[in-house]
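Okay, predicted coordinates and the sequence, questions at the end:
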Amino acid sequence: MKDLKQLAFEQKIAITLLTVMSVLKGAAMIGQAVFFVLVADGVFIKGKDFGEITPFLFGLLLAIIVRSAAGYLIGRTGVDMAAAIKRQLRLKLINSFKEDPLLSSAESHSGQKVSLLMDAVDETDGFFSKYIPQLIQSYIIPIMLLAAIVSQNWTTGLIILVTAPFIPVFMAIVGKRTKEKADEKMEQLNRFSGTFLDILQGLTTLRLFGQGKKQKDKIEESSKNFRDSTVDVLKSAFLSSLTLEYISMLSIGIIALEVGLRLVVFDNLSFFSAFLIMILVPDFFTMLKDFGSAFHTARGSVSASQMMDEEFSKERKQVVWGETELAEGKVPHLSLENLHFAYNPQFELRDVSIDIEPYSKIAVIGKSGSGKTTLMHLIAGLLPIKEGSLLIDGKPQEEIEESSWFKQFSYISQSPYLFAGTIRENIAIGADRETSRKEIDEAAEKAGISELISSLPQGYETAVGEGGRGLSGGEKQRIALARAFLKKPTIVLFDEPTTGLDLQTERVLQQSIEELSRYATVITVAHRLHTIRNADSIVFLDDGRVAAAGTHEELAANFEPYRNLLPLPQGGAPR
Amino acid sequence: MNELAQVLKLTLHEKRDVALAIVFGVLAGLASVALLASSGYLISKAALTGQMTVLIVIGACLKLFGLGSAVSRYSERLFSHRATFTMLGNLRVSFFEKLSPLAPELYSKYRSGDLLARIIGDVESLQNFLLRVFYPPIVLLLVFSGTILFTMYFSVYTAILLAVGYLLTAIVVPAYFAWRKRRRNWKTRESRGALSAEAAEFLYGFRDLKIYRQLAGKEQQLARLAESYNEEQRSEGKEEVYSQSANGFIALLVSLAILASGAYFTAAVELDGLFLAMLVMISLGVFENVAPMAAFPAHFEESRKAAVRLESVVGEKPREKGIDELPEGSLSISAKNVGYVFPGEQRPALEDITIDLPPGSKTAIVGPSGSGKSTLLAVLMDILPASSGHVLFNGISSEEFPQESIWQRLNVVLQENHFFQGTLRSNLQIADPSATDEQLASAMEKVELGGFSLEMDVEEKGQNLSGGEKQRLAIARAILKKGEVWMLDEPVSSVDSKTGQLIYERLFEGQPDKTFIVVSHDLTGLEKMDQIIVLEDGRLIEIGSYNELMRSKGYFYGLKEIEQQVMA
């Protein structure tokens, strides 16, 4: 909660405004009570006529206006402050996502990150829009009210000073007990609310097995159970507010008695003071109670803020870049020297040394989990190298200017991501420049997708959904190829799909890689024999190490694990 | 309000709790007014007399009203929450009953998990309907009526002013803000959706964005969307503050008017000054009850929208289907010129498919990803309705039979199979509630899960099981069902190929007279199928036995060639 508070108090203008408005509101509350009482006192005790008390009525009107306006401004400031801080948090989160190099390889946590950006940030809203304004008011207004009360009758002030502390104390005790009970029941509650979702999710299964009807009773029963245990938890929460209510009632009762005694028996208190006290005292206790309920809303925000803290405090090692620009259009010589990288204790890539001549074709093979994709990401400059170096035309990668490097290559993954937008936009994203219609057409033609596109009613302007919904795997692959043709890279990183492609895409892929390799170095995570055989060099990865490297003939002759991998054609011998 | 009629009906389904909540709500409201009234009277009376007895009587009243108010408030909260949760339960059941006939089709048409999350969220948000929409105005009306009747005895003008105040703060102002809210139609929800979609795209497409140097642009766009979502929230929040303050201000103005009129009539000796303080305290007290009405517009609009959205999900009429029972005995299935187009898409997912699946035949559906294999299976099993053409069972259109009558005869294993929270036993028994432990165990053995205990816990969505285990469990469940026709959609894609082949063999050899339709991306082991259907782009491009297809050197042959090229 400390961090959230700190965030709030960084909003200096808002906090000042809240403080000033709280003072104004407190003053208006006192003013309102005073004018109320002046009017009543005037006509009732002093027997003044209506004309004489009219100024008081105007005073009252003014107090009411000030009180409402101050209240309104406090509310607005709270909303503004919440909006400003939520904006800040979201931008910070987006920035931290952007700088997480591991994101490029780990798609699994994306859902969690989205929920952090949406739900966790929203959950902090109550803290800033409700709790902080209430906190400031609770620091200021009750003290002003107390001062006004003491100025009329110090003994009343004394009674308040004795009884009021019971409210926060009880609130803490009862609140803690409620929380314990709630935590205890929480698991049970979650289970109940989960059942409904579970049944809805499994509705297809249930219907296919002819069990749809029976589930109605189950929902009914679990809802009843859910209701009963929720009410059970609520009961103790309500009981706590009953106690609070009762404490404040009791204090008001004692004060009323004391005021009454002074009025009647000792006759040393005026009607004016007595009435004023009786209006101000309930206000005083209401302020304390409001603070209690605001405190409750704040608790939900705290766990959300903890989740965000975890994200912010993650250690991230950035990929370092330099100033040297690469010559455009010149295929660079790449050299990996004793490259080392570790994700987590379970996996590391060690001592990888590969020399990649310009225009060469490299095939990377190995079992799944042997580090093929990690190696590709390291070569691409997407992951930070821990030890060793990647030399580009003899210069360490750290000295190369980032965008001149990214301009050089295309990465064609197994499942290319298509962004929400038209097909044209999705192809054009490949080039980091203005592209003509003709260029896009040509790229699509080379990637064997132009026929399909022109068969669509809206052609290139056809919208594809998030992740390319509505397109088959092969079509997405060909759009990724079109991106590469448009970009004219000098290095192509290609993650060859294992299965599921249509024959046309298979053919197009082979031709395209052949075509691209005339102008570029092509590094492929290879699964197909012809790709591997055609490679100038095969890198065989095993458990994060280069187990062997060489041409097909060399490996087939000398490296047993490679021979075992080769598919056996009908004849039985490797082709 | 029409949209909420259904919710209202369900709320009033169990009247007792609602009635009790209203009674206690009114009691609590009246007691708190009485408390303030008596304290106002006490002070005035005490200022005039020196009698201790008056003081004691009124002091006792004060305690009584205080305690009464607190206890009633407690009971009110208890009953109103009980009623709310009862209503939520009823709502769930009623919603389930409406969704159930639509479910499989709806789920496969809109291939999204959002649908369910939205439904759950909307059902939950209706819990505010009773607490914050339906019931505060009623309680308020009764509390005001009681107070007005009481004050009428002392001052008609005060009573009239209170009535006007009630109309303004409980009806006119909330209605005005509800109207404003509806007209302004905040796009908070929509902008939230846009931000969430863009964030997902940013994260899932991160690598491509980075390589194509689009990260900065997308980041800005994301920031912009975050900004506009924030602005919508801000302006909606301010509106709520505005509505609250306006209501509070009007309540105070009415109290001011009551004081002014009271003072005027006291000065004119038409009202006993003894009651002036009491009347003022009454007005302050009764308007405290109006506070919940400030939140009314927001909750009203939210409930209304939730009800509309829920209605739009379940409002779709279930397909009209015949009521004939599928005849007993062997079942032949065929498709005649079947086509299917997903809603909102232009390209057909299936086009002009004609196939024949005689009883006891074994058919494989193969083809590249996205070629329509699963869609064809869904149409064959009547989960999706053919957009054109017909699916025939024993020569009669599937439209003549209720879905349940068809599904009863099928053993289905989908790509995604749901498992419920519970045990392995409870999940298997969905197929056959009366199955003995021996039968369950034997089904488990057939899928090589013999080592698992039937008592093993299954977590939500089966998340404690691996993909392969879930697939095998789904097959075991289907074995227990004993239908005549097996329809399997990539049933062993996550199982190692040796075990997969073993399971297939057991299924085929154990039940030679049953019909099998298997969707597979894997082309090994298809030699034993009677026919292989090859799809590309939603069209049937080849059909025949393994040997026929290999001999003709067509599409299937090409796919097979590639498969042999692939190294693991």
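Right, received. Where do you want to start?

so how far is the biggest helix by length in chain B off the chain centroid?
Longest helix of chain B, by residue count under DSSP state H: helix B:215-267. Relative to its chain's centre, helix B:215-267 lies at 30 Å (CA atoms, centre = their mean, to the nearest Å).

That one near chain A anywhere?
Yes: using CB under 8 Å from any CB of the partner chain, helix B:215-267 reaches chain A at B:215, B:219, B:222-223, B:226-227, B:230-231, B:233-234, B:237-238, B:240-242, B:244-245, B:248-249, B:252-253, B:256, B:259-260, B:263-264, B:266-267. All C-beta atoms are positioned from the backbone trio N, CA, C, and that covers glycine.

What's the PyMOL syntax to select whichever of these are buried?
The buried residues among the residues of helix B:215-267 next to chain A can be selected in PyMOL (16 or more other CB atoms under 10 Å in any protein chain shown) with this line:
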select buried, chain B and resi 215+219+222+223+226+227+230+233+234+237+238+240+241+242+244+245+248+249+252+253+256+259+260+263+264+266+267
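
secondary structure element for the residue in the stretch 151-300 of chain A positioned nearest to chain B?
Nearest residue of the stretch 151-300 of chain A to chain B, counting by CB to the nearest CB: A:Ser223, 2.9 Å away. In the assignment (DSSP states H and E), A:Ser223 maps to helix A:215-261.

And the closest residue to A:Met376 other than its chain neighbours, what's its pLDDT?
Spatial nearest neighbour of A:Met376, chain neighbours left out: A:Leu493 (5.3 Å); criterion: CB to CB, 6 or more residues apart in numbering or on different chains. Note on A:Leu493: pLDDT of 92.

Am I right that A:Gly459 is in contact with A:Ile453?
Yes: at 5.7 Å, A:Gly459 counts as touching A:Ile453 under the criterion of CB atoms under 8 Å.

shared neighbours, these two?
A:Ile423 (CB atoms under 8 Å, 6 or more residues apart in numbering or on different chains).

Which one's more surrounded, the two?
Neighbours of A:Gly459 and A:Ile453, each counted by other CB atoms under 10 Å in any protein chain shown, are more numerous for A:Ile453; the result is 23 against 13.

quick one: contacts for the most centrally placed residue in chain B?
The residue lying closest to the centre of chain B (CA atoms, centre = their mean) is B:Ile119, at 1.7 Å. B:Ile119 makes contacts with A:Leu200, B:Phe95, B:Leu99, B:Leu310, B:Val313, as judged by CB under 8 Å, 6+ apart.

Of those, just say which sits nearest to B:Ala364.
A:Leu200 (32.8 Å; CB to CB).

near chain B, which residues of the stretch 251-400 of chain A?
A:252-253, A:256-257, A:259-261, A:263-265, A:267, A:271, A:274-275, A:278-279, A:282, A:365, A:367, A:380, A:382.

if you set the cut-off to 6 Å instead, what comes out?
A:Gly253, A:Ala256, A:Leu257, A:Gly260, A:Leu263, A:Val264, A:Phe271, A:Ala274, A:Phe275, A:Met278 (CB under 6 Å from any CB of the partner chain).

thought the last one was touching B:Ser38?
In this case it means A:Met278. No: using CB atoms under 6 Å as the test, A:Met278 is too far from B:Ser38 to be in contact (10.7 Å).

B:Leu55: how many residues sit nearby?
For B:Leu55, using other CB under 10 Å, the count is 21.

now the helix or strand harbouring it, how far from the centre of its chain.
Per DSSP H and E: B:Leu55 is located in helix B:52-99. Its chain's C-alpha centre and that of helix B:52-99 lie 29 Å apart, by CA atoms, centre = their mean.

and it with helix A:215-261, angle?
Calculated by axes from the mean of the first three to the mean of the last three CA atoms, to 10 degrees, helix B:52-99 forms an angle of 160 degrees with helix A:215-261.

which helices and strands does helix B:52-99 pack with?
Applying 3 or more CB pairs under 6 Å, 6 or more residues apart in numbering or on different chains; DSSP states H and E, we find helix B:52-99 packed against helix A:215-261, helix B:5-11, helix B:15-48.

highest average neighbour count across these?
helix B:15-48 (a mean of 22; mean count of other CB atoms under 10 Å in any protein chain shown).

Compute the inter-axis angle for that one and helix A:215-261.
Going by the same axes, to 10 degrees, helix B:15-48 makes 10 degrees with helix A:215-261.

any bit of helix B:15-48 sitting next to chain A?
Yes: interface with chain A: helix B:15-48 contributes B:Ser39, B:Ile43, B:Ala46, B:Ala47 (CB under 6 Å from any CB).

isn't the first one right up against A:Phe275?
No: shown here, B:Ser39 and A:Phe275 do not form a contact pair, counting by CB under 6 Å, at 9.4 Å.
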